[in-house]
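> Dropping the sequence and predicted coords here.
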Amino acid sequence: MIKRIFSDMDGTLLNSKGWVSDSNAQKIRQAGLPVTLVSARAPMEMRQAIDALGLDGVQVGFNGGLIYQLIDGAVKPLHTEIIKKATAQHLLQTVRQHFPSVSLSYYDLNRWYCDKIDDGIRYETSITLQDPTILTESAFLKGETYTFKIMMITFDEATMVEMEAYLQSLELDGVTIQRSGPFHLEITHSRAKKSKGIAFIMQKEGLRKEATAAFGDGHNDIPMLEMVGYPIVMANAFDDIKSLAYKVTKSNDQDGVGYGIENYLINL
């Protein structure tokens, strides 16, 4: 019955080390059901999971800002939503001016940019195992023409709350500002939504809602979970997310996606 599974990555498919375990990958591959990853991550940060699961179909990055396929190892965009360069430049300069202690970086299609290696950059590298492209400060603050995501990292909650409130107060057109974790504040295009990526694929493949399932753990997964026929939520999710679930599976450190496919989807 299930024709496609959509899965979040961090806190869902990936374990706490930021990887797809071999046992989880084996369970998912053996099920033989098409899987689309739906993530806030950049394609470069999704590659390990794509390779581990042997995926060759459409994937969704940057919270829906990029819908793409990997063709011969290269990213082939199918749909993009980028932040205007002038807006990106304004945001970069504003954050640097008002919150200089915050780790600041951004992404285009193939690269992750920063102008200094600080604790935030080191933390992100430890999660994704990606190395940033380092620019001079003046070049960095000019931004790129194709900016999909601006990312701020701070380990100080008071700074995070103040920064989010300040950036929201700017009421900038065309962007969405949201926390993706305790230390991350991310800015993407206002039309970059996980639900948009799922709708694109469902329309392209003629999928009915009851033929789809999704795995998630966070508040930014709610639109995705509401769009599919069988929403499955991780044991490590908040209780309000679990209330949306068809089933609650094991945690991301217990191969919850593979377990959920084997026990809740494969025999539907």
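That came through fine. Numbering: from 1, shown residues only.
> Any chance you could list what contacts stretch 121-141?
For stretch 121-141, contacts defined as CB atoms under 8 Å, 6 or more residues apart in numbering pick out 18, 41-42, 44-45, 48, 89, 92-93, 96, 103, 105, 111-117, 151, 153, 155, 183. Yep, even glycine has a C-beta here, placed from its N, CA and C like the rest.
> partner strands of the helix or strand hosting Met152, parallel or antiparallel?
Using DSSP states H and E, Met152 falls within strand 149-153. Using DSSP bridges, the strands paired with strand 149-153 are strand 103-107 (antiparallel), strand 184-189 (antiparallel).
> Run the chain-centre distance for it.
Relative to its parent chain, strand 149-153 has a centroid offset of 12 Å by CA atoms, centre = their mean, to the nearest Å.
> Let's see that strand as PDB, backbone CA atoms only.
The C-alpha trace of strand 149-153 is given here as PDB (Å, rounded to 0.1, in the frame of the first residue of the first chain):
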ATOM      1  CA  LYS A 149      20.200  29.100   4.200                       C
ATOM      2  CA  ILE A 150      21.800  31.400   6.800                       C
ATOM      3  CA  MET A 151      22.700  29.700  10.000                       C
ATOM      4  CA  MET A 152      23.400  31.100  13.500                       C
ATOM      5  CA  ILE A 153      24.800  28.900  16.300                       C
END
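> average pLDDT for the helix or strand following it?
Next along the chain after strand 149-153, taking DSSP H and E as the criterion, comes helix 157-169. Helix 157-169 carries an average pLDDT of 98.
> how does this structure divide into domains?
For the chain, automatic domain parsing gives the domain ranges 4-80+193-265, 85-189.
> Arrange these in CSV, one row each, with mean neighbour count as further columns.
Shown next, in CSV, are the domains of the chain (neighbours: other CB atoms under 10 Å):
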stretch, mean neighbour count
domain 4-80+193-265, 19
domain 85-189, 17
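> Tell me which residues touch the spatially most central residue of the chain, please.
With distances taken as CA atoms, centre = their mean, Ala40 lies nearest the centre of the chain, 1.7 Å away. Counting by CB under 8 Å, 6+ apart, Ala40 touches Asp10, Gly61, Phe62, Asn63, Lys149, Ser180, Glu186, Thr188, Asn220.
> Check the nearest residue to Lys84 once chain neighbours are set aside and give its pLDDT.
Closest residue to Lys84 apart from its sequence neighbours, by CB to CB, 6 or more residues apart in numbering: Gly174 at 6.1 Å. Gly174 carries a pLDDT score of 95 in this model.
> where does the protein have low pLDDT?
Scanning the chain for pLDDT under 70 picks out nothing.
> can I assume Lys247 is in contact with Glu262?
No. Using CB atoms under 8 Å, Lys247 is not in contact with Glu262; the gap is 11.8 Å.
> which residue sits closest to Phe200 in space, ignoring its chain neighbours?
Ile67 (5.5 Å).
> The stretch 1-150 of the chain: strands as residue ranges?
4-7, 35-37, 59-61, 66-71, 74-80, 103-107, 112-114, 133-134, 149-153 (DSSP state E, counting those that start in this stretch).
> In the sheet, which strands lie alongside the fourth one, parallel or antiparallel?
If I follow you right, that is strand 66-71. By DSSP bridges, strand 66-71 pairs with strand 59-61 (antiparallel), strand 74-80 (antiparallel).
> Output that strand as PDB - backbone C-alpha positions only.
Provided in PDB are the C-alpha atoms of strand 66-71 (Å, rounded to 0.1, in the frame of the first residue of the first chain):
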ATOM      1  CA  LEU A  66      15.800  22.800  -2.700                       C
ATOM      2  CA  ILE A  67      14.200  19.700  -4.400                       C
ATOM      3  CA  TYR A  68      16.800  17.700  -6.200                       C
ATOM      4  CA  GLN A  69      18.300  14.500  -7.400                       C
ATOM      5  CA  LEU A  70      21.800  13.300  -7.400                       C
ATOM      6  CA  ILE A  71      22.900  12.500 -10.900                       C
END
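> Show residues contacting it.
43, 47, 50, 56-61, 75-81, 109, 148, 197, 200-201.
> cool, the longest one as well?
Identification of contacts with strand 74-80 by CB under 8 Å, 6+ apart yields 43, 58, 65-70, 109-110, 146, 148, 197, 200.
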